[in-house]
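**Q** next input, structure requested:
(4 chains)
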Number of protein chains: 2
Amino acid sequence: MVRTPLTPLERERGERFGALLREARGERSMVEVAAVAGVSAETLRKIETGRAPTPSFFTIAALAFALGLSLDELASACALPEDGEALSA
Amino acid sequence: MVRTPLTPLERERGERFGALLREARGERSMVEVAAVAGVSAETLRKIETGRAPTPSFFTIAALAFALGLSLDELASACALPEDGEALSA
DNA sequence: TCTTATACCGGTATTTGTATCACGGTCGCT
DNA sequence: AGCGACCGTGATACAAATACCGGTATAAGA
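**A** All right, here's what the predicted structure looks like:
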């Protein structure tokens, strides 16, 4: 075993994470937020829809900055309710 | 062009980022911190040495939690001094 | 000296992220 | 109807992250 595939829990976490970003985006369009953050619109769409469940740290940092979100709050908000803390990627 | 290779600036940012983590780790061993965060020691070593310049968000979140670091401070600390804010990955 | 622990490095394997393109659908506007 | 902007899906392509293995080196300890 080399590169462990993402578990269903990790994918669910990715969906919750994307839902948080979409909610924070509000009325603004994907292309606008993506342009401000410096990522492609397709990448933002994949992250929001949960099809990219474990995006890179700096991608999220740029998006959080563009959306005015706190990284710490983001991380804690989408952590598993039951699990204390583990599950990285 | 499909997946733009990482720029030298992004790799330098990865080195600064890894140095921050290494400094925060202090006396603790790699395997201990990696085990607490739920990642492999090789992954932690690559991140600290800058050979993995754009790690995943949840990997960093788990490491920051294990090290007692703030994600927001981490992101702002390793941002480019000149650049206002861009550069994701 | 031998063992243990730690860290670095190279190679290998597999999965995933990021990006581009093409096509289809919906909505509002002229 | 036609046009354009936005969102969504699928395919494609390439680079990178993660993980495991073996080897090397160093330092501490029995």
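**Q** use CA for all of it now, contacts and neighbours both
**A** Noted.
**Q** and A:L74, which of the three is it?
**A** Here A:L74 is recorded as helix under DSSP: H, G, I helix; E, B strand; the rest coil.
**Q** could you give the mean pLDDT of the longest helix anywhere in chain A?
**A** The helix spanning the most residues in chain A, taking DSSP state H as the definition, is helix A:8-25. The predicted model assigns helix A:8-25 a mean pLDDT of 91.
**Q** near chain B at all, stretch A:2-17?
**A** No. Using C-alpha under 8 Å from any C-alpha of the partner chain, stretch A:2-17 stays clear of chain B, with a minimum separation of 9.7 Å.
**Q** and stretch A:9-17, what's buried?
**A** A:E10, A:R11, A:R13, A:G14, A:E15, A:R16, A:F17 (16 or more other C-alpha atoms under 10 Å in any protein chain shown).
**Q** near DNA strand C, which residues of chain A?
**A** Listed as neighbours of DNA strand C in chain A under the rule C-alpha under 7 Å from any atom of the strand: A:1-6, A:38-40, A:42-43, A:46-47, A:51-57, A:59.
**Q** just the buried residues out of the residues you listed, in PyMOL syntax.
**A** Selection of the buried residues among those in PyMOL, burial being defined by 16+ other C-alpha under 10 Å:
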select buried, chain A and resi 38+39+43+47+51+52+53+54+55+56+57+59
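**Q** select from the residues of chain A next to DNA strand C every entry located in helices.
**A** Per DSSP H, the residues of chain A next to DNA strand C map to helices at A:E42, A:T43, A:K46, A:I47, A:F57, A:T59.
**Q** low-confidence stretches in chain A?
**A** A:1, A:80-89 (pLDDT under 70).
**Q** now with 90?
**A** Applying pLDDT under 90 to chain A flags the ranges A:1-4, A:26-27, A:77-89.
**Q** report the separation between A:A37 and chain B.
**A** 6 Å (C-alpha to the nearest C-alpha, to the nearest Å).
**Q** what do you get for A:K46?
**A** For A:K46, the distance to chain B - C-alpha to the nearest C-alpha - is 14 Å.
**Q** quick check: that residue touching A:T54?
**A** No. A:K46 is not in contact with A:T54 according to C-alpha atoms under 8 Å; the separation is 10.5 Å.
**Q** circling back: list just the nearest of the buried residues of stretch A:9-17 to A:S70.
**A** Of all the buried residues of stretch A:9-17, A:S70 sits closest to A:F17, with 13.0 Å by C-alpha to C-alpha.
**Q** what sits against the residue nearest to A:S56 when sequence neighbours are not counted?
**A** Counting by C-alpha to C-alpha, 6 or more residues apart in numbering or on different chains, A:S56 lies nearest to B:S56, which is 3.9 Å off, once chain neighbours are set aside. Taking C-alpha atoms under 8 Å, 6 or more residues apart in numbering or on different chains, we find B:S56 in contact with A:T54, A:P55, A:S56, A:F57, A:A89.
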